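dropping a prediction and its sequence here:
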Amino acid sequence: MRHRLEYAFVKALFVAVRLMPDPLVRAAGTLLGRAVYTFDRAHRRIAHRNLASAFPSRTERQRKAIARAAFSHFGRMLVELLKFSTLSDEAMLARVEFDGEDRARLAYAQGRGVLFFTGHFGFWELHALVHALTLEPFTENTITSKSELAEQLPQIRARGWAIGDGERIPDAFGIAVPYFVDGNIAGSLTATMPRFRATHVDTDRIATVLTHFAQRITRLLSVTADTQ
């Protein structure tokens, strides 16, 4: 029930931001972040505890100000990301800049592979949305169609595990099962093999084994989180 309510809220927010001008999007995101800070006591306590450990010399008032600003930031980021995903391809590209695109294209022209390394700072999430609009997909099997991805997601959720068939690494086949902490995905267990072996293995059996251990990890992490 909780996940359905969260999905309904995000879906309604998605529809709303499609119609919002950018200044209103940022204001709505800030308001959302402040609301979460105010009413989500559990995560507010976690933020305060983490900040007390990271900045012991700061006063409690200063740490609370940092926490409020962080919640506001992530609220803005969420709503802006939703807004960005509603834009046309042309509108997305008009809002980003690529540095080093010429070097990547030169490597492609020479028939060479390209590895992209990105820093975990700034609005790096946009990279996943705009990369395939300018440069070639990661592999021939990389899904770049929003509609195709939307069709697959319900199947993955119902099944409880996902398959990677050359989407990121051309010759790799993988099965991934998530594990959880407090009802949220915290990571995954993955079995990866060469693609030529995929037709010779029992995919369902591997997924069953991974699911068993993912559930054990979920229980262990939940116990650890409850005792902290």
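Thanks, I have it.

where in this structure is pLDDT low?
For the chain, the stretches with pLDDT under 70 are 113, 119-122, 128, 136-138, 223-228.

what segments of it are strands?
Taking DSSP state E as the criterion, the chain contains strands spanning 162-165, 172-181, 184-194.

who wins for proximity to Arg216 among those strands?
Closest to Arg216 of the strands of the chain is strand 172-181 (Cβ to Cβ; 8.5 Å). C-beta here means a position set from N, CA and C on the backbone, and glycine is covered the same way.

give me the residues contacting the closest one.
Contacts of strand 172-181 from elsewhere in the structure, counted by Cβ atoms under 8 Å, 6 or more residues apart in numbering, are 160-166, 185-195, 197-198, 203, 206-207, 210-211, 214-215, 217-218, 221-222, 225.

of these, just the buried ones, ChimeraX syntax please.
Below is the selection syntax for ChimeraX that covers the buried ones among the contacts of strand 172-181, with 16 or more other Cβ atoms under 10 Å defining burial:
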select :161,162,166,188,189,198,206,207,210,211,214,217,218,221,222
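
give me the domain ranges for this structure.
The chain resolves into domains spanning 9-86, 88-136, 143-228 when parsed by automatic domain parsing.

out of those, nearest to His3?
The minimum distance between His3 and the domains of the chain falls on domain 143-228, with 7.8 Å, by Cβ to Cβ.

from the chain's centroid, how far away is the closest one?
Between the centre of domain 143-228 and the centre of its chain there are 14 Å (Cα atoms, centre = their mean, to the nearest Å).

swap in stretch 142-162?
Once both centres are worked out by Cα atoms, centre = their mean, stretch 142-162 turns out to sit 14 Å from its chain's centre.

figure out which of the domains of the chain is closest to Met1.
For those, the distance to Met1 is smallest for domain 143-228, at 11.4 Å, taking Cβ to Cβ.

picking up where we left off before, how about a markdown table for the strands of the chain, with distance to His43 added?
As requested, these are exported to a markdown table (distance: least, Cβ to Cβ, whole Å):
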| stretch | distance to His43 |
| --- | --- |
| strand 162-165 | 27 |
| strand 172-181 | 12 |
| strand 184-194 | 11 |
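
returning to that earlier point: turn the domains of the chain into CSV, including distance to His3.
Putting these into CSV (distance: least, Cβ to Cβ, whole Å) gives the following:
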stretch, distance to His3
domain 9-86, 11
domain 88-136, 22
domain 143-228, 8
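
go through these and name the closest to Arg2.
When the domains of the chain are ranked by distance to Arg2, counting by Cβ to Cβ, first place goes to domain 143-228 at 6.9 Å.

all helices of the protein, in order?
Counting by DSSP state H, residue ranges of the helices within the chain are 2-19, 22-39, 41-54, 60-85, 89-94, 101-109, 126-134, 146-159, 203-227.

can you get me a residue count around the closest residue to His73 other than its chain neighbours?
Sequence neighbours aside, Gly33 is the residue nearest to His73 in space, at 6.7 Å (criterion: Cβ to Cβ, 6 or more residues apart in numbering). Other residues near Gly33 number 22, with proximity taken as other Cβ atoms under 10 Å.

residue contacts, Gly33?
For Gly33, the contact set (Cβ under 8 Å, 6+ apart) comprises Phe71, Ser72, His73, Phe74, Gly75, Arg76, Leu78.

can you check Ala207 too?
When contacts are counted by Cβ under 8 Å, 6+ apart, Ala207 is found next to Arg159, Gly160, Trp161, Ile175, Val177.

out of those, which one sits closest to Thr38?
Taking Cβ to Cβ as the measure, Gly160 is the one of the contacts of Ala207 closest to Thr38, at 34.4 Å.

thanks a lot, catch you later.
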